[in-house]
Every structure is written in structure tokens, then in C-alpha cells.
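In: attaching a predicted model along with its sequence, questions to come.
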Number of protein chains: 2
Amino acid sequence: MNDTIDNDLRRIYLFAALNDRQLATVRQGMRILSIGAGQRLFDHGQHADRFFCVHSGQIKLFRLSAGGVEKVIEIVRPGQTFAEAVMFMEGRCYPVNAEAIDDSKVWSFDSKAFLQILRESSDSCFRLMADMSQRLHSRLNEIDHLTLQNATFRLINYLLHEMDEKNQTTTDIHLDTPKSIIASRLSIQPETFSRILHNLTREGLISVEGKTIHIHDARRLRSYGQ
Amino acid sequence: MNDTIDNDLRRIYLFAALNDRQLATVRQGMRILSIGAGQRLFDHGQHADRFFCVHSGQIKLFRLSAGGVEKVIEIVRPGQTFAEAVMFMEGRCYPVNAEAIDDSKVWSFDSKAFLQILRESSDSCFRLMADMSQRLHSRLNEIDHLTLQNATFRLINYLLHEMDEKNQTTTDIHLDTPKSIIASRLSIQPETFSRILHNLTREGLISVEGKTIHIHDARRLRSYGQ
DNA sequence: GGATTTATTTAACCTGGGTCAAAGACCCGC
DNA sequence: GCGGGTCTTTGACCCAGGTTAAATAAATCC
């Protein structure tokens, strides 16, 4: 039983370099959470003593404006970790809200115990730093896209990104996240999201069939923003 | 001479926890660069084998759109380091351009040598991770401000932030960066920047005298976005 | 299945902030 | 102190994408 879990744990980049004793410590502090669709995992500002890995389902991380408008920062999918950078932050409070989009299983880990392990595992530190560096770069690109690129570019970019996730030969993208949530992730209103898909369809670049998007002309799509 | 430099180096958070031997290694790989105003330090995409600390002057980090539009990501001031997270990135290329705003002195350090030191200094790793975590949080706030807040909010926020930098009793802010660069940093056109200052003046919140901004009503300013 | 709720699309209209153009203000070298 | 740059401000106009409202379409529940 523990062996099965340990195998799963080692597939998480943060734990890949740990020895058996360290992994056992991680496992002992681990909790498996079942979260129903729409249920909140944690709130922005709440004290952060645990970090997470999505096992199944999907979680949205988002901010709320004073007026209650929601901006989705990230959609976290199975295998991905989140909130592990928070343990180094002054004050240690979650900087976003986290809520299940679908019924989800999430593994949670004890930050304090892991900090102790990091003290002895230079390898794990380096993995974490590589990941944080990667995330910083993603956020930078996000800011770039918000300020130097328009809504159509951001949507196309998302489609191409989803396409690359799967094998690049496929030309069908199945949106397993509600369009309104993807729209918020891209900082577009749902209405505009719909209009852009419609425009791209009119130009023969794609076609839309419910939650499935067929890519007709990936080359032209890719060259949209030059 | 080396003692003076070492004292300066120890004030940089990355080197604060190093022993004498490690610090000597850092010092040996260090170069002092003099960069004239408007001169480029490095380009987006260039291979990154060094990271930096501003000694005097100021450096802007920015992205360029395909059409040549400039978005300032950060204005780096004396004492601040930059590009130290790049050494962990896949490919190790600078993700932005760096250019001196004023004549500047910049210290540059050898990334590879420092990676070696980090291997043996868990303390330094933790400092770096704390800093990266902090930066991730700043970028998150940036995205929040770009998507959930308007231009006036961002400008007020900048003013309040500058005010907090100095002792909070002062009500005068001296802008030591050209307004057009601050505008780009805030993702506002210079014309809009000017108009917003004008509006805030008309409402009696501030007054503008060239590069100096007098804060008349910090309370009302602070409560602008609720 | 039919009723109800929730998500998506379509259409008409509006606005914050961008763009363009031109006038001031400031700076710096000679 | 004057001439030619570079910033900054002002005014007139414009547009990408937001807002509002209403019609469909899909999912969910008895």
C-alpha cells in the first residue's frame, strides 16, 4: 500500500530526489482530500501551512476584486502541484483562492515538515528553484500577453498550448474546462470569448462543435501574432 | 580594498550567509560595469551566464512587442539584484531586455560559480527561495492590478508605494524616473498618465510640480480602490 | 420526459483609455 | 542665453473589448 503511494509520490518533482526516510516523512504528513465541484479548498489570505498536488479533477486558483469580479490565475490539472512556493513567503498566507471546478481528489502536504527535508536535500532545493524560476517566467509571459497582445492572440495562444500538451498531430481540442473559466483565465469576457471563436471560424482557421474545437489551419493560427 | 568590497557584498541578500572562502569566489568572478544612459546591458533571448546587482543609477527591464512597443516590467534601483532566477531556467536565456535609464554602475556575477556555492549553502538557497517567492507574489499582484484594477488605481498604488519606501511622514514624492517610463511600468500611455495626475490634482488629492508630487490627502488616496 | 437551472451565444450599445497631432516645458551643449 | 533635442501636457477623436439584455442550448433534477 505505502509502496504504491510512494511510487506516486516519487513522480511528483518535489519528491523525486528524496530518500526513503524523507519520503516516509512526507507520506506521514500527507492527507487525501475529496473536494466537490464548486467547493473551496482555501481562501486568499488564509494561513498557509500546507501545499498541494492535484490527483484527479481540476482546481482553479483565482483572485477577487473588491466588487466581486473573479480573475482565474491558473487552472491546475492532475499531476501539478500548487502553493508550494508560499511556504517561503513572509507571513505565509495563500495569495489566491482555490476552488474545485469538478469533483477532485487533492493530496495535501505539511509545509513545515517539507521545509525540514529541504534543509538536507540540496537536490530538492534545486528542483524547487527550477520550478519557481519557470513559474516566474510564465507570469512574465502572462504580463507580456496582457499588455502587449490582444484578446484574440491570447485565445489562439491558449489553443496552441493545449494542442502542444497532447501529441502535436491531433487537430481536435477538447475543452474540459467551462468556457467561462477559460475566458477568465485569459482575461476575456465570456461574450468576447465566444465572439473571437466565431471570428476564427468565419476565417476558416477553426470550427467549434460544443466543447470540441477543430484546428483547420495551425500554421496560419501560429503566425497570427507573427 | 577586498574588505570594503566584501562588506558591500555581504549586504546583498544572496551573499549574506556565505563564508569567507565562498565570498572570495564570488568576488573573483565579479565584474564592475559602467553603463551609459540608454545603453543596453543584455537582450531578451541572449544566453544568461551572469546575474547582476545595481550599485548606482537605475536599470529598466522590459519586453518588446513584435511592433516594437515597449513594456517596462521592472525598474531596478541601487541595492537590488536581477536575473539571478534565470540561472535555474531551462535554456538559460534572459527573459527580458535590460537597459540603463541613467548612467549606472552594475556589478555582475558568474552564475555557474554561484550555483556551485548554492550546492553547499542551504542558507543561501533558502534566502533565494524566499526572494523568488516574493517575486512570484509581486507578479501575481501585477496581474491582479492589470486585470481587476484600472489605470488610476495603478498610478495611485505606485505613488503610495513610493511614499512607503521613504519614511511615511513625508508627503512629497520625487520621481527620479522619467514619467514615460513609469507609465510603461504601469501599462499606461504617457498621455493617460498625465491626464490621471491632472484629475487627481483637480480633486485636491495631490499637486504636481515638475518631477515632484505633493500628497495632500493620503487617506482618501489610500481608500480610492476601497 | 419535462421543468428548472446554468452555460453559451448573439445583438445593440457604450466607455476607458489608446492614438494622433500639436503646443508647451525642460534640458543641455556650445 | 539660445537653438535644437527630448519630455510632458492638452485636445480631438477612435476603437477593442466591456456591458446589458435577451435568446438558445446544455446540463441537472424530480
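Out: Received, thanks. Residues are numbered from 1 along each chain as shown, chains lettered A, B, ... in the order given.

In: what mean pLDDT does stretch A:13-30 get?
Out: When pLDDT is averaged over stretch A:13-30, the result is 95.

In: buried sites along that stretch?
Out: Neighbour counts over stretch A:13-30 (16 or more other CB atoms under 10 Å in any protein chain shown) mark A:13, A:14, A:15, A:17, A:18, A:22, A:23, A:25, A:26, A:27, A:30 as buried. Where you see a C-beta, it was placed from the backbone N, CA and C, and this is true even at glycine.

In: what is the nearest of these to residue B:2?
Out: residue A:17 (36.8 Å; CB to CB).

In: for that closest one, which three-state class applies?
Out: Using DSSP: H, G, I helix; E, B strand; the rest coil, the structure places residue A:17 in coil.

In: with adjacent residues omitted, what lies nearest to it?
Out: Computed as CB to CB, 6 or more residues apart in numbering or on different chains, the closest residue to residue A:17 that is not its neighbour in sequence is residue A:123, at 3.8 Å.

In: neighbours of the one you found, how many?
Out: Per other CB atoms under 10 Å in any protein chain shown, the neighbour tally for residue A:123 reads 13.

In: same question for residue A:192.
Out: 15.

In: A strand includes the residue nearest to residue A:17, no?
Out: No: counting by three-state DSSP, residue A:123 is not found in a strand; it is helix.

In: export stretch A:205-220 as CSV, just CAs?
Out: As requested, the backbone C-alpha atoms of stretch A:205-220 are provided in CSV (Å, rounded to 0.1, in the frame of the first residue of the first chain):
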residue,chain,number,x,y,z
LEU,A,205,-9.0,28.7,-39.1
ILE,A,206,-11.0,26.5,-36.7
SER,A,207,-14.5,25.1,-36.2
VAL,A,208,-16.4,24.7,-33.0
GLU,A,209,-18.6,21.8,-32.0
GLY,A,210,-19.7,22.3,-28.4
LYS,A,211,-16.7,21.7,-26.2
THR,A,212,-14.6,20.5,-29.1
ILE,A,213,-12.5,22.8,-31.3
HIS,A,214,-11.2,21.5,-34.6
ILE,A,215,-8.0,23.2,-35.8
HIS,A,216,-8.1,23.7,-39.5
ASP,A,217,-5.0,25.8,-40.2
ALA,A,218,-2.5,25.5,-37.4
ARG,A,219,0.2,27.3,-39.5
ARG,A,220,-1.9,30.4,-40.0
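
In: quick one: buried residues of that stretch?
Out: Within stretch A:205-220, the residues that qualify as buried by neighbour count (16+ other CB under 10 Å) are A:205, A:206, A:213, A:215.

In: just name the closest of these to residue A:174, please.
Out: residue A:213 (8.1 Å).

In: show me what from chain A comes close to DNA strand D.
Out: Selection of chain A residues close to DNA strand D by CB under 7 Å from any atom of the strand yields A:150, A:151, A:152, A:187, A:188, A:189, A:191, A:192, A:210, A:211.

In: for chain B, tell me which of the residues you listed show up nearby.
Out: With CB under 8 Å from any CB of the partner chain as the criterion, those include residue A:187 near chain B.

In: pop out the phi and psi values for the residue nearest to the spatial centre of chain A.
Out: Nearest to the mean C-alpha position of chain A, by CA atoms, centre = their mean, lies residue A:76 at 2.9 Å. Taking degrees, to the nearest 10, you get phi -100, psi 130 for the backbone angles of residue A:76.

In: please tell me how far the residue nearest to residue A:17 sits from DNA strand C.
Out: 42 Å (CB to the nearest atom of the strand, to the nearest Å).

In: before we move on, back to that, with secondary structure as extra columns, can I get the buried residues of stretch A:13-30 in CSV?
Out: Listed next are the buried residues of stretch A:13-30 as CSV, based on three-state DSSP:
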residue, secondary structure
A:13, helix
A:14, helix
A:15, helix
A:17, coil
A:18, coil
A:22, helix
A:23, helix
A:25, helix
A:26, helix
A:27, helix
A:30, coil
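
In: just name the closest of these to DNA strand D, please.
Out: Taking CB to the nearest atom of the strand as the measure, residue A:30 is the one of these closest to DNA strand D, at 29.7 Å.

In: which ones are touching that closest one?
Out: Residues in contact with residue A:30 (CB atoms under 8 Å, 6 or more residues apart in numbering or on different chains) are A:5, A:9, A:107, A:108, A:109, A:110.

In: thank you, goodbye.
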